[in-house]
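Colleague: pasted the sequence and its predicted model underneath.
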Amino acid sequence: MSEMTYGLDFNYDQWRSFTEELGEPAYRADQLCQWIYQKKIFDVNRMTNLSKPLREGLVDKLYVQPPFSAKVQTSQDKTVKFLWRFLDGNEVESVLMDHGNHHTACLSTQVGCPLRCDFCATGRQGFVRNLTAGEIVGHLLAMESWLGQDIKNVVFMGMGEPLLNWDNLKKAIEILNHPKMRGMGIRRMTISTAGVAPGILALAESGLDVGLSVSIHAPNDEIRSRLMPVNDRYPMGQVIDALKVYQKKTGSRITVEYVMLKKVNDETEHAYELAALLSDLDVYVNLIPYNPVIERYSRPSASRVAPFAAILRKLGLEVDVRKEKGADIDAACGQLRGRSE
Ligand code: SAH
């Protein structure tokens, strides 16, 4: 057991070196990847096109099981929330959203989160550790295995700050994208960040053409710093500048997330301020009515959200008000793992 390698942490080159060191032909790596990423078979003994001696040799060298499902809850709108347990006992949640003809998975990148946004349940739990690339990929594979079909889209919007675990996330994205591995289109993946400016620049630099969402949540630094301590480190000006660099480099549209908190950031003047702030960017604004998980904050009524959206639209922005999914099972945004604590 001591020499066990966690195969889900391998990228394609590492699979090639691993099989090469075993004295196996190169196509063996492809076969292993096919079993794991396409057929979702995580038990070496069931990989029937490998010779029996090879399988027996691999059994105590290679471990490719995704995390263990500790809890599954399905809501009335078919949203499914999972609690995943890793080998060290740590847990994260993920959410599976059903869009009728395809699915989106909301994945975590860290156990807990160091950013401590004041309105967020995960932030309250503090930071435990980063997920490895294999753990990030692993909880998607486990969901696909549970579902019995492939999931089309992935958003890194679960627990944690993706851009503070960039090396592992980048590797996970490459594994998901690789044609011999999961083969998921790069445009099918979206990273959501609280505004870690250097991370946004690193993403631009990487050339990975994933989607980018930014949690702005406030019209100015004063309000934003109250809601999101990360704003003291990377104030709005710095985030907007990084987004401009990103946009110049990628030409991609950016989604701006704006969680609406009653009487905190939902006044009409805030809408004007927000529009001015975003004026030099090509964005799509996603207004997210708050899911009340922290007592101090509440959700504005539709009669406050609608005029806010209307002002943004009048000022030329494309705006959408997010529909809540999975509210009856606490799968809605920011409610992850909250109740079990
Ligand atoms: N750290 C990243 C990704 C994880 S959070 C980020 O901040 O973007 C995913 C999104 O859910 C963020 O926009 C976050 O601000 C939002 N969120 C957190 N708690 C929420 C809540 N209770 N209601 C609505 N949105 C929430």
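Modeller: Cool, the structure landed. Residues are numbered from 1 along each chain as shown.
Colleague: relative to the whole chain's centre, how far out is the one helix or strand Ala306 maps to?
Modeller: Ala306 is part of helix 302-314 when elements are defined by DSSP states H and E. Offset of helix 302-314 from its chain centre (CA atoms, centre = their mean, to the nearest Å): 28 Å.
Colleague: list the buried residues in it.
Modeller: Going by neighbour count (16 or more other CB atoms under 10 Å), the buried part of helix 302-314 is 304-305, 308-309, 311-312. Using the backbone N, CA and C atoms, a C-beta is placed for each residue, glycine as well.
Colleague: over to stretch 263-270?
Modeller: Neighbour-count burial for stretch 263-270, counted by 16+ other CB under 10 Å, picks out 264-266, 270.
Colleague: residues of this protein that sit close to the ligand?
Modeller: By CB under 6 Å from any ligand atom, the part of the chain that sits against the ligand consists of 117, 119-120, 157, 161, 192-194, 215, 217, 257, 259, 288, 290-291, 293, 333-334.
Colleague: from those residues, which land in strands?
Modeller: Mapping these onto strands (DSSP state E) picks out 192-193, 215, 257, 259, 288.
Colleague: identify the farthest-apart pair in those residues.
Modeller: Thr193 and Ile288 (15.0 Å; CB to CB).
Colleague: looking at the two, which is more packed in?
Modeller: Thr193 (26 against 22; other CB atoms under 10 Å).
Colleague: does the more buried one touch Leu201 like I think?
Modeller: No: using CB atoms under 8 Å, Thr193 is not in contact with Leu201; the gap is 11.4 Å.
Colleague: just the buried positions in the helix or strand encompassing Leu140, please.
Modeller: Per DSSP H and E: Leu140 is located in helix 133-147. For helix 133-147, a neighbour-count test (16+ other CB under 10 Å) marks 133-144 as buried.
Colleague: kindly report the same for stretch 287-299.
Modeller: Buried residues in stretch 287-299, counted by 16+ other CB under 10 Å: 287-294, 297, 299.
Colleague: tell me which helix or strand comes right after the least confident helix or strand in the chain by mean pLDDT.
Modeller: Least confident element among the helices and strands of the chain, by mean pLDDT, DSSP states H and E: helix 121-124 (a mean of 89). As assigned by DSSP H and E, the chain's next helix or strand after helix 121-124 is strand 127-130.
Colleague: now do that following strand: distance to the chain's middle.
Modeller: In terms of CA atoms, centre = their mean, the centre of strand 127-130 is found 15 Å from the chain centre.
Colleague: same for it, what does it pack against?
Modeller: On a contact count with 3 or more CB pairs under 8 Å, 6 or more residues apart in numbering; DSSP states H and E, strand 127-130 meets strand 110-112.
Colleague: and the strand it packs on, which residues are buried?
Modeller: The neighbour-count check on strand 110-112 (16+ other CB under 10 Å) flags 110-112 as buried.
Colleague: which of those sits closest to Pro235?
Modeller: Closest to Pro235, out of all of these and judged by CB to CB, is Gln110, at 23.0 Å.
Colleague: nearest residue to the closest one other than its sequence neighbours?
Modeller: Leaving aside its sequence neighbours, Gln110 sits nearest to Gly160 (CB to CB, 6 or more residues apart in numbering; 2.7 Å).
Colleague: hang on, Pro224 is in a helix, isn't it?
Modeller: Small correction: residue 224 is Arg, not Pro. Yes: using DSSP: H, G, I helix; E, B strand; the rest coil, the assignment for Arg224 is a helix.
Colleague: give me the domain ranges for the protein.
Modeller: According to automatic domain parsing, the chain comprises the domains 5-63, 68-329.
Colleague: give me whichever of those is most buried.
Modeller: Highest mean neighbour count of these: domain 68-329, a mean of 19 (counted as mean count of other CB atoms under 10 Å).
Colleague: tell me which residue in the stretch 1-150 of the chain sits closest to the ligand.
Modeller: The ligand sits closest to Cys120 of the stretch 1-150 of the chain, with a gap of 3.8 Å, by CB to the nearest ligand atom.
Colleague: alright, calling it a day.
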